[in-house]
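Visitor: Based on what follows, work out the 3D shape:
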Amino acid sequence: MEPSPAPEPLLHADIAQEIEQLRTQFPRTQELYREVCVLLFFRHGIAPTANRLYQLVKKGSMSAPAEALTRFWATLREKSRVRIEHPDLPAELQSATGELAAALWTRAVDLAQDRLAAAQLETQRAVAEAQARQAQAQAERDQVRQELTGSAAALNGAQIHITELDQALAISVATASTLQEQVRLAQQGEQQLQRALETARHDFASELDKLRADSVLAQERLKAAETRALLEIDRERQAAARLQKELDTANRKTEQGSVRHRDDVQKLQAQVGNLRQQVGVLEGKLDALRTENARYVDEAVQARDQRDQLALSLTNAAAKQKVPTAKRTAKSTAAPRKSSGPVGKSPRMRKL
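Guide: Model (predicted):
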């Protein structure tokens, strides 16, 4: 593995001083590596790597910083995860939240893929360099062995050189193994991000289906309210027609006798009062229906127009009623009374 470039002298001195303070606070190896990761990432803005951690701390084996770095990234991903636990939010807010979550997940996947590609390239380059150094070391070792024809001092020097080359080769092999482990961990992180993205897409599709079902239900309620409004309007029209018909019948009956006419007028007035009461009740129902269906603007406008037409019909009916009443009053005053006894009701009046 290619060593990370050494930091600037001042920055390196500050980091080394802070790490020495952390050594006294965290004697355990894993805890010390974890705090160094936090120090590099959050305070100095440096992405921690296993090689850099080992160069700064120099404690434990090469697997210790890799394990601590894996736990650090897992903890950071868990704490930065966003959960939406309010599916009953308004539709606009749910849509904006779904778009934001999708954008965040897309960005996270892109970053993970970029880092994975960079890590793979760095691993391949490091492995190739390690293999080249190994081949060079083996070639140098073979050359030294072939040239070992001198004295014992030259032989000892060659053996020392070979030992150093073997150590360098072992370090290169260990570094390559660490890089391969980092690549595997990066692949696992990418798989977790993919699963989280699929879960978010599934939740978004479920919320969209719920909104569609609510829309269909609202349309059905709108149709039912429209039907009820039309039925109420038809009832009012029928009541107005019955009122007009009864008024016409009363006008025809006014030509008969004054006593019978007076009785008929009283009954018709009572009926008109009842009809007016019924019309008032219907108007109250219409007002209640108008309040209930206030959000349906088009249907409310139609109901209002029909109510105005009904009110005009009732006004005309009342005006027509006043004219026959005045005529009957005049006839009652002018006509002589034939008998002082009670006048019997005709069969037609009894039916009424």
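Visitor: Okay, strands next: where are they in the chain?
Guide: Counting by DSSP state E, one finds no strands in the chain.
Visitor: Would you map out the domains in it?
Guide: In the assignment given by automatic domain parsing, the structural domains of the chain cover 1-80, 223-333.
Visitor: isn't Gly233 right next to Glu299, touching?
Guide: Careful, residue 233 is Ile and not Gly. No - the criterion here is Cβ atoms under 8 Å, and Ile233 misses it with Glu299 at 10.7 Å. C-beta: built from backbone N, CA, C; applies to glycine.
Visitor: so who does the closest residue to Ala16 other than its chain neighbours touch?
Guide: Closest residue to Ala16 apart from its sequence neighbours, by Cβ to Cβ, 6 or more residues apart in numbering: Leu56 at 7.2 Å. By Cβ atoms under 8 Å, 6 or more residues apart in numbering, Leu56 lies in contact with 15-16, 19, 36.
Visitor: quick one: which of those is most hemmed in?
Guide: Val36 (26 neighbours; other Cβ atoms under 10 Å).
Visitor: so what's that residue scoring on pLDDT?
Guide: According to the prediction, Val36 has pLDDT 92.
Visitor: when you give positions from now on, start the count at 711
Guide: Right, with 711 as the first residue, what we last looked at is Val746.
Visitor: Quick one: residues contacting it.
Guide: 729, 732, 758, 763, 766-767.
Visitor: ok, of those residues, which one's closest to Arg922?
Guide: Distance to Arg922 across the contacts of Val746 (Cβ to Cβ) is lowest for Pro758, with 47.1 Å.
Visitor: And the closest one, how far from Val893?
Guide: Separation of Pro758 from Val893 (Cβ to Cβ, to the nearest Å) stands at 17 Å.
Visitor: Of those two, give the one with the bigger neighbour count.
Guide: Per other Cβ under 10 Å, whichever of Pro758 and Val893 has more neighbours is Pro758, with 23 against 16.
Visitor: And the more buried one, its phi and psi?
Guide: phi -70, psi 140 (degrees, to the nearest 10).
Visitor: ok, Arg825 touching Val893?
Guide: No - between Arg825 and Val893 there is no contact under Cβ under 8 Å: 10.6 Å.
Visitor: if we can go back for a sec, which of the contacts of Val746 sits closest to Leu985?
Guide: Using Cβ to Cβ, Pro758 is the member of these that lies nearest Leu985, at 89.7 Å.
Visitor: residue contacts, the closest one?
Guide: Pro758 neighbours (Cβ under 8 Å, 6+ apart): 746-747, 750-751, 779, 782.
Visitor: run the last query once more with 6 Å
Guide: 747, 750-751, 779 (Cβ atoms under 6 Å, 6 or more residues apart in numbering).
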